[in-house]
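1. build me a structure from this.
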Amino acid sequence: MPGVTSAAGPVHLGMDTSKNSIVAGILMPGEEVPVLDRIWNEEGSVRHLTGRLGEVSALRACYEAGACGFGLHRLLASMGVACDVVAPSLIPRRPGDRGKTGKRDASRLARLLRAGGLTPIRVPAGAEEAVRDLVRARAALLADRNRAQQRVTAMLMRHGRIWRSGSSWTQAHERWIAGQRFDEPALAATFAHYRAAPDTRLAELDAVEAGLAPWAGREPLGLLVARPGCYRGIAELTGLTLAAEVAGWRRFPSARAFTGFTGLVPAGYSSGERVRRGSITRTGSGPARTALIEASWAYRHKPAIGVALRRRQAGASPGTLARSWQAQRRLHARYQALTARGKPPGMALTAVARELAGFVWAEMTSS
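-> So this is what the prediction gives:
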């Protein structure tokens, strides 16, 4: 593309990023159709492109959040370019527009950026992102361990070995698994490989959690862990997960906005006077949603302050302690009421997690 010189007014730059290249849609002041260019996804090419567009103070850039992370945002910010990373799910699209190419996306982003029709996300600081990656590594290992356990269960079921004496993966269940024998050598070898996988994942998980635990009490997220930790079910690692995923609690103007971010709100379908509620949306942060649902299990039990919770509450303000106790009483009553009406425990726990999200948001945004 020949050199481009900025006229009076801002230049809007929409970028569709991929592993090797960036398609740039350049919308000059007064123009309606962006000029398209393709560059390498590396620092030198980005600097060369922005250098052809005039003053960096007159440049407005954006790209979709995705697999390429925030490196491009941090590079442009270091050059003085205003850059937004936008939420892909909130980009307006015309009904029936199912085409998606790099050029079309770059042009659309440039036009929507100038029109103010994009929703930027919060870009974490480098230190925050580093801890968040470690938190997500733990979540990935948990998922790997669960899949490994499912393979063991599925193999035994295929061969008529079914556990019917209580919950799975308790000590009794694992002793039962250890006692299973197969006469066929190939089958015995297969079973040995399947059995070793959960133990391997568990050892890796223990190592990650040991490395993650100290971050619950130090910068950059330590101060965001202590207050949620005063609530039942939110121990250090759960609090660290929430802190890493949310970071800026005050960017959510209401509890409703925060629960929407967690994906714990039910989907709604309405037509005329007919309104129907679906399952939860599962949008937003999956790790935060999982952490809140896991924490909600503690509210099945009657309100109480155990040894671990008392330790986490040491030094907390009277207001925090009062809100924590109020949450215990309300959420336990909510769980009891829902299950008494015949709701499945899983559905009841999801409702409790949604209300717990509101309590935690209120705690973290109170003075």
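2. middle-most residue in the chain, spatially?
-> Most central in the chain under CA atoms, centre = their mean is Ser285, positioned 2.5 Å from the mean C-alpha point.
3. my guess is it contacts Glu245. True?
-> Yes. If you go by CB atoms under 8 Å, Ser285 and Glu245 touch, sitting 4.5 Å apart. Where you see a C-beta, it was placed from the backbone N, CA and C, and this is true even at glycine.
4. which stretches of this protein form strands?
-> With DSSP state E as the criterion, the chain has strands at 11-17, 21-27, 35-40, 59-64, 82-86, 266-271, 274-280.
5. nearest to His173, of those?
-> With CB to CB as the criterion, His173 lies closest to strand 274-280 of the strands of the chain, at 29.7 Å.
6. so which elements touch the closest one?
-> Secondary-structure packing of strand 274-280 (3 or more CB pairs under 8 Å, 6 or more residues apart in numbering; DSSP states H and E): strand 266-271.
7. tell me the mean pLDDT for the strand it packs on?
-> Mean pLDDT, strand 266-271: 73.
8. do stretch 177-190 as well
-> For stretch 177-190, mean pLDDT rounds to 96.
9. cool, and stretch 27-45?
-> 96.
10. picking up where we left off before, dump the strands of the chain to CSV, plus mean neighbour count and distance to Trp325.
-> Formatted as CSV, these follow (neighbours: other CB atoms under 10 Å; distance: least, CB to CB, whole Å):
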stretch, mean neighbour count, distance to Trp325
strand 11-17, 25, 48
strand 21-27, 23, 53
strand 35-40, 16, 57
strand 59-64, 22, 43
strand 82-86, 19, 40
strand 266-271, 10, 28
strand 274-280, 11, 27
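11. for Arg145, find the nearest of these.
-> The closest of the strands of the chain to Arg145 is strand 274-280. By CB to CB, the value is 24.2 Å.
12. show me where the stretch 1-150 of the chain dips below the pLDDT cut-off.
-> For the stretch 1-150 of the chain, applying pLDDT under 70 flags the ranges 1-7.
13. next: the stretch 251-367 of the chain.
-> In the stretch 251-367 of the chain (pLDDT under 70), the answer is 269-272, 275.
14. apply 90 and report the result again.
-> Along the stretch 251-367 of the chain, the model assigns pLDDT under 90 to residues 266-286, 367.
15. for this protein, list the residue farthest from the centre, please.
-> Asp183 (45.6 Å).
16. flag every buried residue along the longest helix along the chain.
-> For the chain, the helix with the greatest residue count under DSSP state H is helix 126-158. By 16 or more other CB atoms under 10 Å, the buried positions in helix 126-158 come out as 128-129, 131-132, 135, 138, 141-142, 144-145, 148-149, 152-153, 155-156.
17. partners of the closest residue to Tyr63 other than its chain neighbours in the sheet?
-> For Tyr63, ignoring the flanking residues on the chain, the nearest one in space by CB to CB, 6 or more residues apart in numbering is Met15 at 4.1 Å. With DSSP bridges as the criterion, Met15 is bridged to Ala24, Tyr63.
18. please list all residues in contact with Met15.
-> Going by CB atoms under 8 Å, 6 or more residues apart in numbering, Met15 touches 22-25, 61-63, 72, 106, 109.
19. tabulate those residues in a markdown table, adding columns for distance to Thr50.
-> Output for the contacts of Met15, formatted as a markdown table (distance: CB to CB, whole Å):
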| residue | distance to Thr50 |
| --- | --- |
| Ile22 | 12 |
| Val23 | 15 |
| Ala24 | 10 |
| Gly25 | 14 |
| Ala61 | 8 |
| Cys62 | 14 |
| Tyr63 | 13 |
| Leu72 | 11 |
| Ala106 | 15 |
| Leu109 | 16 |
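20. can you name the two of those that sit furthest apart?
-> Maximum pairwise distance among the contacts of Met15 (CB to CB): 14.8 Å, between Gly25 and Leu72.
21. just give me the neighbour total for the residue lying closest to Arg227 once chain neighbours are set aside.
-> Excluding its sequence neighbours, the residue lying closest to Arg227 (CB to CB, 6+ apart) is Glu363, at 5.6 Å. Other residues within reach of Glu363, judged by other CB atoms under 10 Å, total 18.
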